[in-house]
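Student: model the following, please.
(2 chains)
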Amino acid sequence: LAKTTQPISMDSYEGQEVNITCSHNNIATNDYITWYQQFPSQGPRFIIQGYKTKVTNEVASLFIPADRKSSTLSLPRVSLSDTAVYYCLVVGLGGYQKVTFGTGTKLQVIP
Amino acid sequence: DTEVTQTPKHLVMGMTNKKSLKCEQHMGHRAMYWYKQKAKKPPELMFVYSYEKLSINESVPSRFSPECPNSSLLNLHLHALQPEDSALYLCASSLGTGQWGGNIQYFGAGTRLSVL
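Tutor: Numbers count the residues shown, from 1 in each chain, chains lettered A, B, ... in the order given. As a prediction, the model looks like this:
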């Protein structure tokens, strides 16, 4: 399983763009980079998934360089409600997945 | 509908009790998971079921006993737990196939378990 490394915590002011980086040096050819958001006492919620280059959906963008050894989750114009823990996972595309959560990044949005 | 329902939301039990946690999904997913999450820690995988068969057991103590009665339901039977087993127990499901998006896990809100 590819191990991921993220910053433990980040602070940002409301309205700013936030970029959270994740390192995954041992990513395999069949692995996808997947990001989850978790609020206290709730289950993680899927945000975005990508394989290479750039992926964008209604809540975030994901940038993946050609070597795929890192990725960056970009949250545009964050609000207080974006305060949460963000997990970067490397997940294969098999029938089921043995997923290992890293420490995640605790994002604190400041008014 | 991407909902995974867990019951109960909260559970308090003594060390000699027997209780069960329940998880239900109606998305047609064929892979279901149990995770344990301690405060301020990431979720830890406990069990994985694929097509109703136990596929992964992460060396979980036998006082935790999973069961998958059908493709929509997942139970976790608890017996003779210890106070250190107090945690948030999360259920998740994924499509269970090799197609694009099939590896995305959808989580329930969890059961907050306290063992006295």
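Student: can you list the buried residues in stretch B:43-63?
Tutor: With burial defined by 16 or more other C-beta atoms under 10 Å in any protein chain shown, the residues of stretch B:43-63 counted as buried are B:43, B:44, B:45, B:46, B:47, B:48, B:49, B:50, B:55, B:56, B:60. Every C-beta, even on glycine, is put in place using the N, C-alpha and C of the backbone.
Student: near chain A, which of these show up?
Tutor: Filtering the buried residues of stretch B:43-63 for neighbours of chain A using C-beta under 8 Å from any C-beta of the partner chain leaves B:43, B:44, B:45, B:48, B:49, B:50, B:55, B:56.
Student: so which of the residues you listed are in strands?
Tutor: Here DSSP state E is the test, and those give B:44, B:45, B:48, B:49, B:50, B:55, B:56 as lying in strands.
Student: now residue A:16: how far from chain B?
Tutor: When C-beta to the nearest C-beta, to the nearest Å is the yardstick, residue A:16 and chain B sit 25 Å from each other.
Student: let me redo that: residue A:96
Tutor: Distance of residue A:96 to chain B, given as C-beta to the nearest C-beta: 4 Å.
Student: which residue sits closest to that residue in space, ignoring its chain neighbours?
Tutor: Excluding the flanking residues, the one nearest residue A:96 by C-beta to C-beta, 6 or more residues apart in numbering or on different chains is residue B:31, at 3.8 Å.
Student: which residues touch that neighbour?
Tutor: Contact partners of residue B:31, counting by C-beta atoms under 8 Å, 6 or more residues apart in numbering or on different chains, are A:95, A:96, A:97, B:48, B:49, B:50, B:51, B:93, B:94, B:95, B:96.
Student: quick one: low-confidence ranges for the chain?
Tutor: Looking at chain A here, since you left the chain open. Judged against pLDDT under 70, the low-scoring parts of chain A cover residues A:1.
Student: was after chain B, sorry
Tutor: In chain B (pLDDT under 70), the answer is B:1-2.
Student: again, only this time at 90
Tutor: B:1-2, B:16, B:96-103 (pLDDT under 90).
Student: in it, which residue sits closest to chain A?
Tutor: residue B:107 (3.0 Å; C-beta to the nearest C-beta).
Student: what's the farthest-apart pair in the ones in strands among the ones next to chain A among the buried residues of stretch B:43-63?
Tutor: Spatially, the most separated pair among those is B:44 and B:50, at 19.0 Å (C-beta to C-beta).
Student: distance of the spatially most central residue of chain B from residue B:47?
Tutor: Geometric centre of chain B, nearest residue: residue B:34, 2.8 Å, by C-alpha atoms, centre = their mean. Using C-beta to C-beta, to the nearest Å, one gets 5 Å for the distance from residue B:34 to residue B:47.
Student: what touches both of these two?
Tutor: Here residue B:34 and residue B:47 have B:66, B:76 as joint contacts, going by C-beta under 8 Å, 6+ apart.
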